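> predicted structure and sequence below. I'll ask about it afterward.
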Amino acid sequence: MNGGGSPNTVFAMAFGPYEFHLDRKGLVASIKAGAEDDWLVRSSPLGWIELEPGGRIPLGDCRLRSLSEKMGHQGKRILFGLEAPGGVPVDVYVICGPKEVQITVEASRDTRDARVVGFGLLPGWCATGRSGALVVPWAGGVVVPADGGPAPGVFDVAGCDEDSILFGAFVGSVPHGVGGGGAGLCLIHDSIHGRLHVTEEADGKSATWEFPVEPERRRLDLRIVVVPDVDPLGIARVFRENRIHERSHVTLRRKGRERPAALEALARGEAGVSVDGDRKATDRWDALDRLGSEVKALEAGVPGPIETTFAGEWTAPWVECWTGGWLRPSNAIPDGWDRVPLMEVVWRDAVVCGRRVDDRDTFLDALLHLAWPEPESNHEGARLLRAVHAATIGAFLVGCERLPERPESLRTVWSNRMQVTVNAGLEPCVWPDGLRLEPGGWRIEPDLEGVASEGIAL
């Protein structure tokens with residue numbers, strides 16, 4: 001088999017976007033884009049289960065007790081009934097659907113001899129190779145090239161602190177580098193406990209999700225999506241579509257209709273929702289309960305500021321369904337990593353993305369991303385930013401580009417067909433379409449009614 005393994009032990013599934021091979025002997029798998037010859041992943045393990053005592057046990061080393069397969073409305077489903085050391089039962093479901101592969105691991109009970117404390121799924125499946133890059137939803141969005149600096153730590157969906165918090169439960173790979181074309185992978189999970197490890201490999205970097213067992217839920221779903229002609233924004237769009245499909249994406253327009261008072265109070269900086277900083281794994285469901293109580297109190301009209309809003313992806317379905325506030329941290333990124341506006345792709349039309357605006361560069365950055373200025377912002381352009389935000393409340397990012405040889409000159413393109421161009425450099429710039437901008441210059445096209453369309457930031 002081209003994907004590895006013996007023809008007698010391999011399940012081979014092919015849909016339009018992908019081809020997936022799973023070897024039941026050892027539980028290793030391979031995947032590639034349907035129209036390409038090169039395998040994105042070849043003969044890599046599905047993952048492991050962590051026991052106490054016992055440590056990490058590869059799923060392929062567990063005893064196979066049962067095996068079944070059937071076709072359904074979701075696609076082809078294969079169920080592996082496994083037994084881990086200590087007699088711990090583990091079920092692994094593999095569902096191959098028209099657009100994605102879903103891996104589900106369920107460990108419903110412990111035994112007297114061992115208990116399940118964690119999972120790892122698809123370790124190292126997202127990797128850079130020698131010339132590719134990882135796409136990570138951290139610090140507003142980053143691209144991690146193969147030769148970039150080491151990760152500053154372990155990234156956490158729930159967030160140990162603002163320096164490690166992720167705004168999305170996904171990670172992606174761009175095997176041929178940004179702009180190199182070809183297919184890539186996006187991995188999406190459904191846990192509020194996920195921790196992402198970016199590790200150095202002999203030929204680049206790889207990313208692996210690890211998960212402690214949730215106190216209220218002893219199963220884990222992880223989806224594999226092959227992204228054709230991949231780019232970082234395309235990875236973020238896949239996650240956005242997943243959030244919409246899961247009904248965890250409530251737009252600001254809808255919240256403005258259903259809860260106008262709460263949304264307006266948040267935008268004026270008069271109210272917010274705080275998330276408890278103590279986010280140990282066993283406390284996160286309690287934190288969500290407390291968050292829900294605070295939001296309901298806000299909706300009931302509790303006056304005065306509660307606290308500044310800050311939320312990671314783990315709370316996004318709760319926060320965005322209620323008030324929709326979000327203040328973005330300004331993380332310093334390692335040398336060699338590149339910023340890319342992934343958050344504006346996923347959440348810009350669903351949450352209020354706030355930024356502090358105090359000078360020319362922060363104003364241009366906020367305008368480029370159609371951001372809402374925090375109430376403490378003292379730049380003269382804050383009023384303009386609020387007007388632009390109000391006029392574009394339903395827009396989300398669909399494109400971003402830099403002027404060649406002029407990295408300070410950028411352009412963003414939005415779902416409402418609007419584009420914003422800024423020149424944060426110290427020299428004039430001219431775009432291929434003839435647009436000329438002086439240093440500090442900016443342009444919004446097409447014009448917005450009642451809002452200035454061009455100017456020079458000071």
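Here it is on my side, so go on.

> may I have the distance across stretch 413-428, first residue to last?
21 Å (Cα to Cα, to the nearest Å).

> how about it: buried residues?
With burial defined by 16 or more other Cβ atoms under 10 Å, the residues of stretch 413-428 counted as buried are 413-414, 416, 418-425. Placement of C-beta: from N, CA and C, glycine included.

> again, but for stretch 232-249
Applying 16+ other Cβ under 10 Å to stretch 232-249 flags 232-240, 242-243, 248-249 as buried.

> now, which of those residues lie within strands?
When the buried residues of stretch 232-249 are checked against strands (DSSP state E), there are no matches.

> now, these that are in helices?
232-240, 242-243 (DSSP state H).

> and this protein, what are its domains?
10-229, 252-456 (automatic domain parsing).

> how far does the shortest one stretch from start to finish?
Start to finish, the residues bounding domain 252-456 are 30 Å apart (Cα to Cα).

> quick one: mean pLDDT for that domain?
Averaged over domain 252-456, pLDDT sits at 74.

> can you name the farthest residue from the center of the chain?
The centre of the chain is farthest from one residue, residue 112, which by Cα atoms, centre = their mean lies 38.2 Å away.

> pretty sure that one sits in a helix.
No. Remark: residue 112 does not belong to a helix; assigned using DSSP: H, G, I helix; E, B strand; the rest coil, it is coil.

> and it, how far from residue 81?
The gap separating residue 112 from residue 81 is 20 Å, by Cβ to Cβ, to the nearest Å.

> repeat for residue 192
For residue 192 relative to residue 81 (Cβ to Cβ), the value is 27 Å.

> more crowded one of the two?
residue 192 (24 against 15; other Cβ atoms under 10 Å).

> centre-most residue in this protein?
residue 168 (3.0 Å).

> for it, which non-adjacent residue is spatially closest?
In space, and not counting its chain neighbours, residue 168 is closest to residue 137: 3.5 Å by Cβ to Cβ, 6 or more residues apart in numbering.

> per-residue confidence at that neighbour?
So, for residue 137, pLDDT stands at 90.

> thought residue 157 was touching it, still the case?
No. In this structure residue 137 lies outside contact range of residue 157 using Cβ atoms under 8 Å: 9.2 Å.

> the strands in the stretch 101-250 of the chain, which residues?
Along the stretch 101-250 of the chain, counting by DSSP state E, counting those that start in this stretch, strands occupy 101-106, 115-127, 133-136, 142-145, 155-156, 170-174, 184-189, 195-201, 204-212, 219-227.

> actually, the stretch 301-450 of the chain.
325-327, 338-339, 352-355, 372-373, 397-403, 406-414, 419-423, 429-430, 436-437, 441-445.

> helices or strands up against the fifth one?
It stands for strand 397-403. helix 232-245, helix 343-346, strand 406-414 (3 or more Cβ pairs under 8 Å, 6 or more residues apart in numbering; DSSP states H and E).

> export that strand as CSV, just CAs?
Extracted C-alpha coordinates of strand 397-403, given in CSV (Å, rounded to 0.1, in the frame of the first residue of the first chain):
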residue,chain,number,x,y,z
LEU,A,397,-11.0,38.9,7.4
VAL,A,398,-10.6,37.0,4.2
GLY,A,399,-7.2,38.2,2.9
CYS,A,400,-4.0,39.9,4.0
GLU,A,401,-0.9,41.0,2.0
ARG,A,402,2.3,43.0,2.2
LEU,A,403,3.8,45.2,-0.4
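
> and it with strand 419-423, angle?
Interaxial angle of strand 397-403 relative to strand 419-423 (axes from the mean of the first three to the mean of the last three Cα atoms, to 10 degrees): 30 degrees.

> list the buried residues of strand 397-403.
Those would be 397-398, 400, 403, for strand 397-403 by 16+ other Cβ under 10 Å.

> from the contact counts, what lies against the helix or strand where residue 257 lies?
Counting by DSSP states H and E, the element that carries residue 257 is helix 252-258. In terms of contacts (3+ Cβ pairs under 8 Å, 6+ apart), helix 252-258 is packed against helix 260-267.

> ok, 10 Å please
helix 260-267, helix 316-322 (3 or more Cβ pairs under 10 Å, 6 or more residues apart in numbering; DSSP states H and E).

> touching, residue 145 and residue 173? I think so.
No. Using Cβ atoms under 10 Å, residue 145 is not in contact with residue 173; the gap is 11.7 Å.

> which of these two has more neighbours?
Applying other Cβ under 10 Å to residue 145 and residue 173 shows that residue 173 carries more neighbours, namely 28 against 19.

> leaving out sequence neighbours, find the closest residue to the more buried one.
residue 126 (4.1 Å).

> now do the shared contacts for residue 145 and residue 173.
128, 132-134, 205 (Cβ atoms under 10 Å, 6 or more residues apart in numbering).

> list buried members of these by neighbour count.
Using 16+ other Cβ under 10 Å, the buried ones in the shared contacts of residue 145 and residue 173 are 128, 132-134, 205.

> ok, so of those residues, who is nearest residue 361?
When these are compared for distance to residue 361 (Cβ to Cβ), residue 133 wins out at 25.6 Å.

> that closest one pairs with what?
Using DSSP bridges, the beta-bridge partners of residue 133 come out as residue 145, residue 174.

> which residues does it contact?
So, once contact is read as Cβ under 10 Å, 6+ apart, residue 133 ends up touching 142-148, 172-178, 180, 184, 204-205, 232, 337-338, 340.

> among those, the buried ones, what's the ChimeraX command?
To isolate in ChimeraX the members of these that are buried, counting by 16+ other Cβ under 10 Å, one can use:
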select :142,143,144,145,146,148,172,173,174,175,176,177,184,204,205,232,337,340
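
> measure residue 130 to residue 148 for me?
When distances are taken as Cβ to Cβ, residue 130 and residue 148 turn out to be 13 Å apart.

> what touches both of those two?
residue 204.

> sorry, back to before: return the set of buried residues in the helix holding residue 257.
Neighbour-count burial for helix 252-258 [16+ other Cβ under 10 Å]: 252, 255-256.

> of those residues, closest to residue 378?
residue 252 (25.1 Å).

> tell me who's in contact with residue 64.
24-25, 27, 80-83, 92.

> tell me the secondary structure for it?
strand.

> who does it bridge with?
Counting by DSSP bridges, the residues bridging with residue 64 are residue 82.

> quick one, what contacts the closest residue to residue 185 other than its chain neighbours?
In space, and not counting its chain neighbours, residue 185 is closest to residue 173: 4.9 Å by Cβ to Cβ, 6+ apart. Contacts for residue 173 (Cβ under 10 Å, 6+ apart) come out as 40-41, 125-129, 132-135, 144, 183-187, 205-207, 227, 230, 235.
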